[in-house]
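[1] got a structure for you, letters missing:
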């Protein structure tokens, strides 16, 4: 994957993650999430630190773009599956750790968050694969793919 494709996947992916996060967590499921909140209060910042929120989404999209490249995702279905798996691994781990040590949400809320993140990352993986073209031979900077890298380019 060349630098242009990596940048495109990261920017487009960051935007898609941000928009889907708003739609899923602050519109469609806000009541459910509030109903399964833990006893910890006063956690959300109002307003949020926008630059950090936006930059965080771009970091996650960069990670997802690399995972798609390294997996060899060459079709939209590959992008969907790989994105969903990355979402499961990141948020399954993070939500279980948060559940174990913080009182942010109950277990139902934690598992629901994982499911919503699997959907969000799956859709984002599909979009990144679509805009990145799903082909190429090298990672940004010229490094070759790890063993098993495929057509996405790394």
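    Structure's in. What do you need? It should be emphasised that the depicted structure is a prediction, and the values quoted were computed from it without experimental measurement.
[2] show me where the chain has strands.
    Applying DSSP state E to the chain gives no strands.
[3] Might you list the low-confidence residue ranges for it?
    Flagging of the chain using pLDDT under 70 yields the residue ranges 134-154.
[4] For the residue most central in space within the chain, give me its contacts.
    For the chain, the residue sitting closest to the mean C-alpha position, by C-alpha atoms, centre = their mean, is residue 121 at 4.2 Å. Applying C-beta atoms under 8 Å, 6 or more residues apart in numbering to residue 121 gives the contacts 17, 64, 83, 84, 86, 87, 88, 90, 91. From N, CA and C alone the C-beta is placed, and that goes for glycine too.
[5] repeat for residue 16
    By C-beta under 8 Å, 6+ apart, the neighbours of residue 16 are 61, 123, 124, 127, 128.
[6] let's see it at 10 Å
    Applying C-beta atoms under 10 Å, 6 or more residues apart in numbering, we find residue 16 in contact with 57, 61, 64, 83, 120-121, 123-128, 131.
[7] Quick check: closest non-adjacent residue to residue 87.
    Nearest residue to residue 87 in three dimensions, chain neighbours excluded: residue 121, at 2.7 Å (C-beta to C-beta, 6 or more residues apart in numbering).
[8] Please, where are all the helices along this structure?
    Taking DSSP state H, the helices of the chain run over residues 3-23, 30-35, 50-71, 76-101, 107-132.
[9] deepest of those helices, which one?
    helix 107-132 (a mean of 21; mean count of other C-beta atoms under 10 Å).
[10] tilt between that one and helix 3-23?
    140 degrees (axes from the mean of the first three to the mean of the last three C-alpha atoms, to 10 degrees).
[11] Helix 107-132 vs helix 50-71, what angle?
    Using the same axes, to 10 degrees: helix 107-132 against helix 50-71 is 70 degrees.
[12] Regarding residue 73, what are the backbone dihedral angles?
    Backbone torsions for residue 73, taken as degrees, to the nearest 10, come to phi -60, psi 120.
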